[in-house]
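Colleague: build me a model:
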Amino acid sequence: MKKQVMAMLLTLCLSLAGCGSDGQDGPEPLLTVDLNEETDSGGAEEKESREAASGPEGQGVEAGGSDGEMDGFGVAASREEGSGSGTASAGLPSESQEASSEQSLQEPEILNFVDVFGQEYQVEIRPEVEKHDYDLAAFSHTGDYLEYTGDPRYSFRLGVDVSEHQGAIDWEKVRADGYEFAFIRIGYRGYGTAGKVCQDKFFVENLENARAAGLDVGIYFFSQAVSEEEARQEAEFVLQNLGGCELQLPVVYDPEHILDAAARTDDVTGEQFTKNTILFCEMIREAGYEPMIYSNMLWEAYQFDLEQLAGYPIWYADYEPLPQTPYHFVFWQYTNEGRVDGMAGDIDLDIQLMPVGN
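Modeller: Got it, this is the predicted structure:
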């Protein structure tokens, strides 16, 4: 009897140690938590007022303290069992495996930001989108002037962006006031049902006089395209009116909602805006110009698919003392209430950040 018991115990021990098999336990299935990212058609900003809109409703946002469902991103973790190696560990995970699993399931990084009306938002930061590496402590305001100093990696210069709403401009005075570049509106699509495409009345005059005064120049188009076909029309309009003239700065696509009136873009989704933007930018690039996208934090959070737009530089608009976006940008429109010698009224002011040695 004692021999039988010993034999049974020996058999049990050998079984637990993995003997009599290939000694391998298969990995457990991948644990995946899929949080669907939603994009809707909220959020707004009008170029003419240069103000970011109050946020979209029901778009993965906490606004004004109300609960909302935030943008989500897939989170995955995997755990492999140890192989049978003559011990009875039963494939327990190692400390390094546990740490890796815990890290992959950690809470996403959250961005808190406000729009120009002080409305508060929370959104998950997209880890796959390129971030800027600017030192926020290097920005300093003195009146309407903004500086970026103390960071040897970047130099800066200031500029303006204008349209026919500024009327006649004395560009020599603008240059003497310390502004070295300008983005000039080449045209726009009306936000009414017809959506007529028009040239800015002061485009040619501003382009010629700004260049004569020694400013570097880029142009922008105010878009109200509701489809890729209309975005194609807008790109064709821009290229036709440029007529091959040389630019020192990019051609900017500026798709926007209208704040204070019903507009043809009210029901355009973020997915469609992204498609329109890509088509426009690729047509501009194929024509030999550098494309760029005008954006703000609301658009980066709820409209644009930034991963699809990774190949284009961003002109970022934000009127807080420091840029709120974590994502990369090249130009920052830091106020829409600037005062510039040679120009009347409130002016949009911009800073360009340039890598030293590039």
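Colleague: from now on I want contacts and neighbour counts done on CA atoms only, so please keep to that.
Modeller: Will do.
Colleague: residues in contact with the residue nearest to residue 353 when sequence neighbours are not counted?
Modeller: Spatial nearest neighbour of residue 353, chain neighbours left out: residue 156 (4.7 Å); criterion: C-alpha to C-alpha, 6 or more residues apart in numbering. By C-alpha atoms under 8 Å, 6 or more residues apart in numbering, the residues touching residue 156 are 147, 148, 351, 352, 353, 354.
Colleague: now the buried members of those.
Modeller: For the contacts of residue 156, a neighbour count by 16 or more other C-alpha atoms under 10 Å gives the buried set as 148, 351, 352, 353.
Colleague: partners of the third one in the sheet?
Modeller: Each beta-bridge partner of residue 352 is listed here, defined by DSSP bridges: residue 157, residue 331.
Colleague: now do the contacts for it.
Modeller: Counted by C-alpha under 8 Å, 6+ apart, residue 352 has contacts 156, 157, 158, 159, 330, 331, 332.
Colleague: going through those residues, which ones are buried?
Modeller: 157, 158, 159, 331, 332.
Colleague: closest to residue 315 out of those?
Modeller: residue 331 (4.6 Å; C-alpha to C-alpha).
Colleague: from residue 181, how far off is the residue nearest to residue 353?
Modeller: Between residue 156 and residue 181 the distance is 11 Å, computed by C-alpha to C-alpha, to the nearest Å.
Colleague: ok, now residue 310?
Modeller: Taking C-alpha to C-alpha, one finds residue 310 at 25 Å from residue 181.
Colleague: which of the two has more residues huddled nearby?
Modeller: residue 181 (25 against 13; other C-alpha atoms under 10 Å).
Colleague: I figured that one hits residue 213, correct?
Modeller: No. Contact criterion C-alpha atoms under 8 Å: residue 181 and residue 213 do not qualify, at 10.2 Å.
Colleague: so the nearest residue to residue 135 once chain neighbours are set aside: helix, strand or coil?
Modeller: Of all residues not flanking residue 135 in the chain, residue 151 sits nearest, at 7.0 Å (C-alpha to C-alpha, 6+ apart). Taking DSSP: H, G, I helix; E, B strand; the rest coil as the rule, one finds residue 151 in the coil state.
Colleague: what bits of this structure have low per-residue confidence?
Modeller: Within the chain, the segments meeting pLDDT under 70 span 1-105.
Colleague: element containing the most centrally placed residue in it, please.
Modeller: Centroid-nearest residue in the chain: residue 300, 4.0 Å away (criterion: C-alpha atoms, centre = their mean). With elements taken from DSSP states H and E, the one containing residue 300 is helix 297-302.
Colleague: output the contacting helices and strands for the host helix or strand of residue 252.
Modeller: Element membership for residue 252, per DSSP H and E: strand 251-255. Under the contact criterion of 3 or more C-alpha pairs under 8 Å, 6 or more residues apart in numbering; DSSP states H and E, strand 251-255 touches strand 216-223, helix 270-286, strand 291-296.
Colleague: of the ones you listed, which is nearest residue 262?
Modeller: strand 216-223 (15.2 Å).
Colleague: just checking: what are the partner strands of that closest one?
Modeller: strand 181-189 (parallel), strand 251-255 (parallel).
Colleague: rebuild these as CSV, extending it with distance to residue 245.
Modeller: Formatted as CSV, those follow (distance: least, C-alpha to C-alpha, whole Å):
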stretch, distance to residue 245
strand 181-189, 13
strand 251-255, 12
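Colleague: how about residue 213, nearest residue that isn't a chain neighbour?
Modeller: In space, residue 213 is closest to residue 172, 5.2 Å off (C-alpha to C-alpha, 6+ apart).
Colleague: residue 307 against residue 129, yeah?
Modeller: Yes. Under the criterion of C-alpha under 8 Å, residue 307 makes contact with residue 129 at 5.7 Å.
Colleague: who has more neighbours, those two?
Modeller: Neighbours were tallied for residue 307 and for residue 129 using other C-alpha under 10 Å; the higher tally belongs to residue 129 (16 against 12).
Colleague: would you agree the more buried one is in contact with residue 308?
Modeller: No. Here residue 129 does not reach residue 308: they are 9.4 Å apart, not a contact under C-alpha under 8 Å.
Colleague: OK, contacts around the spatially closest residue to residue 171 that is not a sequence neighbour?
Modeller: Spatial nearest neighbour of residue 171, excluding adjacent residues (C-alpha to C-alpha, 6+ apart): residue 210 at 5.5 Å. The contact partners of residue 210, taken as C-alpha under 8 Å, 6+ apart, are 171, 172, 182, 216, 217.
Colleague: check contacts around the third one.
Modeller: Contacts of residue 182 were listed using C-alpha under 8 Å, 6+ apart, and they are 159, 160, 161, 162, 210, 215, 216, 217, 218.
Colleague: if we can go back for a sec, want to throw the contacts of residue 210 into JSON lines with distance to residue 134?
Modeller: What follows is those, written out as JSON lines (distance: C-alpha to C-alpha, whole Å):
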{"residue": "171", "distance to residue 134": "30"}
{"residue": "172", "distance to residue 134": "31"}
{"residue": "182", "distance to residue 134": "22"}
{"residue": "216", "distance to residue 134": "23"}
{"residue": "217", "distance to residue 134": "24"}
